[in-house]
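Student: Sequence and predicted structure, then a few things I'm wondering about:
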Amino acid sequence: MLLHTDKFALTANNITYGAAGDTIGYWNFFPAADGWGRIPVWGYATVTASKCNELPAGERIYGYLPISTHVIVEPAKIMPATFFDGAAHRRGLPPVYNSYQRVNADQAYFSGHEDEIAIFRPLFSTSFLVDDFLADGDFFGARNAVLTSASSKTALGLAQLLHDHRKDQIKVIGLTSPANTAFVESTGYYDQIVAYADVAKLDAGEPTLQVDFAGDLELLAKIHTHFGDQLKYSCIVGATHWQNLAAGNAISAADKAPLPGAKPVFFFAPDRIVKRTADWGVPALCGASATRSSRMPRHPRPGCVSFEAAVKKISKRSTANSSPAKPIPLKVTFSRFSSRTVAARRSVRQIDHRFGALEVRFREPSSGASTERLLL
């Protein structure tokens, strides 16, 4: 089957694919001539020619693509919402990279927001998996979480999840450059923000974990040395500072000359996906990840308004206050597994973009119908 690449996102994540192409195997997905490589990206493509009746020409897909105009795939395990590339050279590679979403059945698809999805979907998915992993391990006994490259998209995704859902469990500390400090502060996701040069000002007496998105070996060593035995867990997720890529170096260096504190490990998202797919199943995993992304700005469509979240927001509104209502963020979910969400889905009215309001009509068997207007 021949795919035409329509659009793709290019971020620091893709630079990491290239920088770690030999050590992790990213060059193997789309082989090139000796001495050359095709950096993988996430994006959208259209089927332009197909020998597969279940995937006709004209169908659009989302998934792992090369930076090329076209790519040939061999569809396998074809399902209503997904299929896999069964090409021989990809069979031993992580399944998450070989899976393609069929746009018409993709529960995370929003028409008009393909650019945002292409950029944020793979990054936020990693944020979700790290958050799930840390919480599953009770944060390794830590009370503080230090996130390097705090302004990066994946770090921001993790910080948002920790802030929104784990606030009573962990304090979120962001390390960033002076140039990005104001921006990082404006997000409101971090409890404390510190410049890279000021790591020594952090409280080294508190049990702490660190999640490294920078991939800078010098910075990693500084954090380990500062916290010592109080550093309970240390993982490397990305390499926004790819010039000083540490993913492979730090782990091998730790084997030869261990750093103080917990031994740094590489967090490989596909491994976590394999575990949670076995634990929860694919639909539940996708639904959980999409639901957690509810704070990402988007315009809801029928089927995507969370009944519980909307009711919670409504209940907090004060009818006694006569002053103009402040904008209320409406949480959104892609979940199709809650009967209450499904019931609400059929009652959602169109967004009024001009006035920035959404009318939601709730039908409850016990109390009948009621209508509320929510400011977005």
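Tutor: That came in fine, so what should we check first?
Student: Now stretch 223-241: buried residues?
Tutor: Neighbour-count burial for stretch 223-241 flags 223-224, 226-227, 230-241 (criterion: 16 or more other Cβ atoms under 10 Å). C-betas here are computed from N, CA, C, even on glycine.
Student: can you tell me which of those residues are in strands?
Tutor: If you go by DSSP state E, these have Leu231, Lys232, Tyr233, Ser234, Cys235, Ile236 in strands.
Student: With respect to Asp132, which of those residues is nearest?
Tutor: Nearest to Asp132 among these, counting by Cβ to Cβ, is Cys235 at 13.2 Å.
Student: pretty sure the closest one is touching Lys263, no?
Tutor: No - in this structure, Cys235 is not within contact of Lys263 by Cβ atoms under 8 Å, at 10.1 Å.
Student: how about the helices in the stretch 51-200 of the chain?
Tutor: Under the criterion DSSP state H, counting those that start in this stretch, the stretch 51-200 of the chain contains helices at 95-98, 114-136, 153-165, 181-187.
Student: Could I get the full set of strands for the stretch 151-300 of the chain?
Tutor: 171-176, 192-195, 208-212, 231-236, 265-266 (DSSP state E, counting those that start in this stretch).
Student: For those, give me CSV that also has mean pLDDT.
Tutor: Conversion of the strands of the stretch 151-300 of the chain to CSV gives the following (pLDDT from 0 to 100):
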stretch, mean pLDDT
strand 171-176, 97
strand 192-195, 96
strand 208-212, 96
strand 231-236, 95
strand 265-266, 89
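Student: just the ones you listed: most buried one?
Tutor: The highest mean neighbour count among the strands of the stretch 151-300 of the chain, using mean count of other Cβ atoms under 10 Å, belongs to strand 208-212: a mean of 27.
Student: Report all helices and strands that that one contacts.
Tutor: Counting contacts by 3 or more Cβ pairs under 8 Å, 6 or more residues apart in numbering; DSSP states H and E, strand 208-212 is packed against helix 114-136, strand 144-147, helix 217-227, strand 231-236.
Student: So which elements touch the third one?
Tutor: The contact analysis (3+ Cβ pairs under 8 Å, 6+ apart) places helix 217-227 against strand 208-212, strand 231-236, helix 247-256.
Student: quick one: low-confidence parts of the chain?
Tutor: The chain contains residues with pLDDT under 70 at 239-257, 282-284, 286-376.
Student: Flag every buried residue along the longest strand anywhere in it.
Tutor: Scanning the chain for the strand with the most residues, using DSSP E, yields strand 40-49. Neighbour counts over strand 40-49 (16+ other Cβ under 10 Å) mark Pro40, Val41, Trp42, Gly43, Tyr44, Ala45, Val47 as buried.
Student: Repeat that for stretch 259-266.
Tutor: So for stretch 259-266, counting by 16+ other Cβ under 10 Å, buried means Leu259, Gly261, Ala262, Pro264, Phe266.
Student: Pick out the most distant pair among the ones in strands among the buried residues of stretch 223-241.
Tutor: Farthest pair in these (Cβ to Cβ) is Lys232 and Ile236. Separation: 15.6 Å.
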